[in-house]
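[1] Coordinates for the following, if possible.
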Amino acid sequence: MPLTLAAPVHSELVIKKSRFIGCVQPMTDRAGAQKVVAALWAAHPGARHVCWALLAGGQSAAVDDGEPSGTAGRPMLDVLRHQDLEGVLATVVRYFGGVKLGAGGLVRAYTDAVAQALLGAEKVPIVRLKQLRCAVPYALEGLLRRELDAAGASLLAVAHGAEVELRFSLPEDAVAALVARVSEAGQGRVGWLDDDADVLGA
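    All right, here's what the predicted structure looks like:
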């Protein structure tokens, strides 16, 4: 099961006078990652590089930011992949200390900065949620609400018209059992409305 992080975690390494400030944090898209990188440049105007890697499905990226190609972003991304993470941004700010590390040294430094931050990170499973919508007679609203509570569903919207229409989300693996229980209890009076959408929640 893929994991994401509960909160940002930092690390700091000094290698041959170069300072590497690492951070790993939850992040779902590239636009958000670029904002974080811009903020890091603002916070560290004296830094030589701000390298980063984002593991987030089709939004993934690996950026060397002026380091030799393949020595920073890609190794950082590999560390995230090896730990079965998803929706995670790794950044490393480098202050150059005047001593060149060589390609192998750079790969090790960027890898270690990310790996060290991950050691202190709390990893949480990504729960895939499904949104459902149904309409029930007023007499069944209480029963449906109790079933939703029991299943750990989150109620998103309720509309009272000719019938009561409820929109809610719950973990994907609980959908089939809930639909079966509610449909049986409602004895054919529960109308499932077809505009469901998949959402991702941590």
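[2] Report all helices and strands that the longest helix along the chain contacts.
    For the chain, the longest helix by residue count, based on DSSP state H, is helix 102-119. Taking 3 or more Cβ pairs under 8 Å, 6 or more residues apart in numbering; DSSP states H and E as the contact definition, the neighbouring helices and strands of helix 102-119 are strand 9-15, strand 18-26, helix 73-82, strand 88-95. All C-beta spots, glycine's among them, are computed from the backbone N, C-alpha and C.
[3] so how far is that helix from its chain's centroid?
    Centroid separation for helix 102-119 versus its chain: 22 Å, with Cα atoms, centre = their mean, to the nearest Å.
[4] For that helix, buried residues please.
    Of the residues in helix 102-119, 106-118 count as buried by neighbour count, 16 or more other Cβ atoms under 10 Å.
[5] what would the helices and strands packed on helix 102-119 look like in TSV with mean pLDDT?
    TSV is the format used below for the helices and strands packed on helix 102-119 (pLDDT from 0 to 100):
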stretch	mean pLDDT
strand 9-15	95
strand 18-26	95
helix 73-82	94
strand 88-95	96
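[6] deepest of these, which one?
    Sort the helices and strands packed on helix 102-119 by mean neighbour count, taking mean count of other Cβ atoms under 10 Å, and strand 88-95 sits at the top with a mean of 26.
[7] Show me the residue at the heart of the chain, geometrically.
    Taking Cα atoms, centre = their mean, the centroid of the chain lies closest to Gly87, which sits 3.1 Å from it.
[8] Okay, domains of this protein per the record?
    Domain assignment of the chain by automatic domain parsing yields the ranges 3-125, 127-201.
[9] Which of the ones you listed comes out lowest on mean pLDDT?
    Set side by side, the domains of the chain give their lowest mean pLDDT on domain 127-201, at a mean of 83.
[10] just to revisit the earlier point, return the most buried member of the domains of the chain.
    Ranked by mean neighbour count under mean count of other Cβ under 10 Å, the domains of the chain are led by domain 3-125, which reaches a mean of 18.
[11] end-to-end on it?
    The straight-line separation of the ends of domain 3-125 (Cα to Cα, to the nearest Å) is 4 Å.
[12] What of stretch 79-98?
    End-to-end for stretch 79-98, by Cα to Cα: 27 Å.
[13] Pretty sure Ala185 sits in a helix.
    Yes - inclusion of Ala185 in a helix is indicated when DSSP: H, G, I helix; E, B strand; the rest coil is applied.
[14] I'd like the helices and strands packed on helix 102-119 as JSON lines, with distance to Ala33 appended.
    Rendered in JSON lines, the data for those read as follows (distance: least, Cβ to Cβ, whole Å):
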{"stretch": "strand 9-15", "distance to Ala33": "16"}
{"stretch": "strand 18-26", "distance to Ala33": "9"}
{"stretch": "helix 73-82", "distance to Ala33": "11"}
{"stretch": "strand 88-95", "distance to Ala33": "5"}
